[in-house]
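> Next input, structure requested:
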Amino acid sequence: MWTFDLIMALLLAGAAAGFLAGLLGVGGGTIIVPIVLWLLHQQGVIGEYNQHIALGTSFAIMVFTTLSSAWAQHKRQAINWHIVRYLSPAMVVGSLVGSAVAKYLPTAFLQGFFIVFLYVISVQMLLKLKPKPTRQLPQKWGLLGAGKVIGLLSSWVGIGGGSLSVPFMVYCNVPMHMATGTSAALAWAMSVSGLLGFVATGWGVAGLPEHTLGFIYLPAVAALAVCTMTFAPLGVKVAHKMSPDKLKMAMGILLLLIATQMLWKMMG
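Got it, this is the predicted structure:
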């Protein structure tokens, strides 16, 4: 049942996810996935595909969120389209390959390695450690390779590409504001790919709740996407008023929280 309290909770969650996406160039899935799971429970939907529905619905919402965020960044000329040109298709390919081979890999080892990696990156950002000033972005083939690795790792541990693409660009001395802006465009490409994948894999599956398109729960998309699209430009506006160091610290805190959340789930 759609109560007033339920609707208000969704609106607040959508606002937070949209603001975070605009601020840091991510998709906001760290907020959306738990909220969709909670919504399904509140609606009495209990089944083996709830996690699939939450992930698929999150990608659908992120399509709208990242589009709004990327457009706001584009208007501020904060997107490096040369990077997007090579990283985005490579990230999509890497994600598809990663999804195909993930079931053959030792999940616990991969997650453990990735958690340590995120902690190291987050500490570097929080301590304001600077990359070598001579380091630059790789050329075409290097960007394609980096994109495939980002997409591959993201698919294995279930996070959006923005959590890796921003640290990669900062490591290559891309200015922080340009890195988060470019990441918004990259996140849109990953979200579209994820959306199509979850629609296809969930198509015709028996036992799904009403109003689903594959593994996409349309009522949640309708309720949350409006808020995320509205608040993403606000996050972009705030980001461009922050100094690069403060924005880098915010990204470091986000990565720290993601790593801790993954560690908690792994140990639980």
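> hang on, Gln261 packs against Gly29?
No. Using Cβ atoms under 8 Å as the test, Gln261 is too far from Gly29 to be in contact (11.5 Å). (Each C-beta comes from the backbone N, C-alpha and C, glycine too.)
> Those two: who's more crowded?
Legend: neighbour count by other Cβ atoms under 10 Å for Gln261 and Gly29, higher for Gly29 (28 against 14).
> what about the spatially closest residue to the more buried one that is not a sequence neighbour, how many neighbours?
Nearest residue to Gly29 in three dimensions, chain neighbours excluded: Ser58, at 4.7 Å (Cβ to Cβ, 6 or more residues apart in numbering). Neighbour count of Ser58, defined by other Cβ under 10 Å: 33.
> separation between Ser58 and His52?
Counting by Cβ to Cβ, to the nearest Å, the gap from Ser58 to His52 is 11 Å.
> just His41 next, same as before
His41 is 15 Å from His52, where distance means Cβ to Cβ.
> Between those two, tell me which one has more neighbours.
His52 (17 against 11).
> mind checking pLDDT for the more buried one?
At His52, the pLDDT value in this model is 86.
> next one: Ile83
Confidence score, pLDDT, at Ile83: 96.
> Please give the element, helix or strand, for it.
helix 81-101 (DSSP states H and E).
> Give me the below-cutoff pLDDT ranges for the stretch 101-250 of the chain.
Within the stretch 101-250 of the chain, the stretches with pLDDT under 70 are 102-103, 107, 157-160.
> 80 - rerun?
Applying pLDDT under 80 to the stretch 101-250 of the chain picks out residues 101-111, 114, 128, 130-131, 154-162.
> All the helices of it, residue numbers only.
Secondary structure of the stretch 101-250 of the chain by DSSP state H, counting those that start in this stretch: the helices cover 107-126, 140-157, 162-171, 176-202, 218-241, 244-267.
> Show me which positions of the fourth one end up buried.
Residues of helix 176-202 classed as buried: 176-195, 197-199, 202 (neighbour count, 16 or more other Cβ atoms under 10 Å).
> and that helix, what other elements does it pack with?
helix 4-24, helix 50-75, helix 81-101, helix 162-171, strand 212-213, strand 216-217, helix 218-241, helix 244-267 (3 or more Cβ pairs under 8 Å, 6 or more residues apart in numbering; DSSP states H and E).
> try 7 Å
Counting contacts by 3 or more Cβ pairs under 7 Å, 6 or more residues apart in numbering; DSSP states H and E, helix 176-202 is packed against helix 50-75, helix 81-101, helix 162-171, helix 218-241, helix 244-267.
> Need those helices in TSV (columns: distance to Gln124).
Output for the helices and strands packed on helix 176-202, formatted as TSV (distance: least, Cβ to Cβ, whole Å):
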stretch	distance to Gln124
helix 50-75	24
helix 81-101	21
helix 162-171	8
helix 218-241	20
helix 244-267	8
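> Between those helices, which one is closest to Phe113.
Nearest to Phe113, of all the helices and strands packed on helix 176-202, is helix 244-267, at 11.1 Å by Cβ to Cβ.
> what's next to the closest one, contact-wise?
Outside helix 244-267, the residues that touch it by Cβ atoms under 7 Å, 6 or more residues apart in numbering are 23-24, 30, 108, 111, 115, 118-119, 121-122, 125-126, 128, 157, 159, 163, 166, 170, 175-177, 180, 239.
> Ok, which of the helices and strands packed on helix 176-202 comes nearest Leu143?
Minimum separation from Leu143 across the helices and strands packed on helix 176-202 (Cβ to Cβ) falls at helix 81-101, 3.9 Å.
> Run the angle between that closest one and helix 176-202 for me.
On the basis of axes from the mean of the first three to the mean of the last three Cα atoms, to 10 degrees, helix 81-101 is oriented at 40 degrees to helix 176-202.
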